[in-house]
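# here is the input, now give the coordinates:
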Amino acid sequence: MRPDKELGFDWRLVRAFLAALDHGSLLGAARAVGASQPTLGRHIAELEAQLGVVLFERTGRGLRPTEMATRLAQAARAMESGALALSRSVSGANTALAGTVRISASQATARHLLPALLAQMRRELPEIQVELVATNEVSNLLRREADIALRMSPPETGSVIARRVGRFALGTFAQRDYLRRRGTPRQITDLLKHDLLGYDRDDSILRSSAQLGAPLKREDFCFRTDDVSVYWEALRQGMGIGFVSESLAHTDGEVVRVLPSIKLPVLPVWLAVHREVRTDRRIRSVYDFLARTIPQVL
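The predicted structure follows:
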């Protein structure tokens, strides 16, 4: 680094550096900060030029932080904390029941649970604009990637307030036409005689089957995807037997439960908000609405 003069940092450059450090690639970092990949790359290059150091090694698999990047990370995160505290102070001063609230939820929750609730909320809170982030990644509330988050696990920091608002009970389901063609399984071992729908990188079904004493292998699934919406549509079209939430399965009368004796894990639903952000009137109003209506649906 050049110690001969004081540097005037542009916060955008530090933000780009931290995003690249956390996500390991320009593409992932660009998505996280809402910038284009070339723009984020230029910001990192500019920061490297200002500091006179190399922060990342570009590899075929993404970005690998250098030793200098690791050393600078703590100071950069301190800058981030200060910037976010300033942002929250400004947000907390807002007393108007109007503006934008950003909500993060899993793909399945965003598609199948929230639209009806948000339509109802639109009638109750017409001045609120909603940005809905459908992602299976956990959004970081401390970095304001979202104002409110629906999660399947409680937060791990005391700076976030969370309330358990319900649960997703999972079950084994199939479309009626599939069962007419292939028959109905009577016991868990019968599943191996059927076409099964599984996840790709998510190994939750494999782990659950092992706990039930009938372990499945990746090769036992005729179709694999981590996109829950695609998974649900494949089940609805009669591709095979799948594992989905009861609340989702009950939205289609042609999808019926099989092997009701199988007890799959229950997924808790947590509604989370940053402790300081919750003092913002518009965010508090949306948080309270969701806390009231989600349990009614689930």
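
# please look at Thr225 and Tyr199 and confirm they touch.
Yes: checked against C-beta atoms under 8 Å, the pair Thr225 and Tyr199 is within contact range at 7.0 Å. Bear in mind the C-beta positions are built from the backbone N, C-alpha and C, glycine included.

# show me where pLDDT drops low in the stretch 101-250 of the chain?
Applying pLDDT under 70 to the stretch 101-250 of the chain picks out residues 137-144, 155-158.

# now the helices for it?
Along the stretch 101-250 of the chain, counting by DSSP state H, counting those that start in this stretch, helices occupy 107-112, 114-124, 176-182, 204-211, 228-236, 246-249.

# could I get the third one in CSV with only the CA atoms?
Going back to what we said before, that points to helix 176-182. Output of helix 176-182 as CSV, limited to C-alpha atoms (Å, rounded to 0.1, in the frame of the first residue of the first chain):
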residue,chain,number,x,y,z
ARG,A,176,-53.9,-38.8,-9.7
ASP,A,177,-53.2,-39.8,-13.3
TYR,A,178,-49.7,-41.0,-12.3
LEU,A,179,-51.2,-43.2,-9.6
ARG,A,180,-53.8,-44.6,-12.1
ARG,A,181,-51.0,-45.6,-14.4
ARG,A,182,-48.4,-46.8,-11.9
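
# on that earlier part again, which of the helices of the stretch 101-250 of the chain sits closest to Glu46?
Closest of those to Glu46 is helix 107-112, at 34.8 Å (criterion: C-beta to C-beta).

# list the helices and strands that closest one packs on?
strand 128-134, helix 228-236, helix 246-249 (3 or more C-beta pairs under 8 Å, 6 or more residues apart in numbering; DSSP states H and E).

# buried set for the last one?
Pointing back at helix 246-249 there. For helix 246-249, burial by neighbour count (16 or more other C-beta atoms under 10 Å) applies to 247-249.

# who are the packing partners of the lengthiest strand in the chain?
Across the chain, the strand with the greatest residue count (assigned by DSSP state E) is strand 160-175. Under the contact criterion of 3+ C-beta pairs under 8 Å, 6+ apart, strand 160-175 touches helix 228-236, strand 242-245, helix 246-249, strand 255-257, strand 266-274, helix 281-297.
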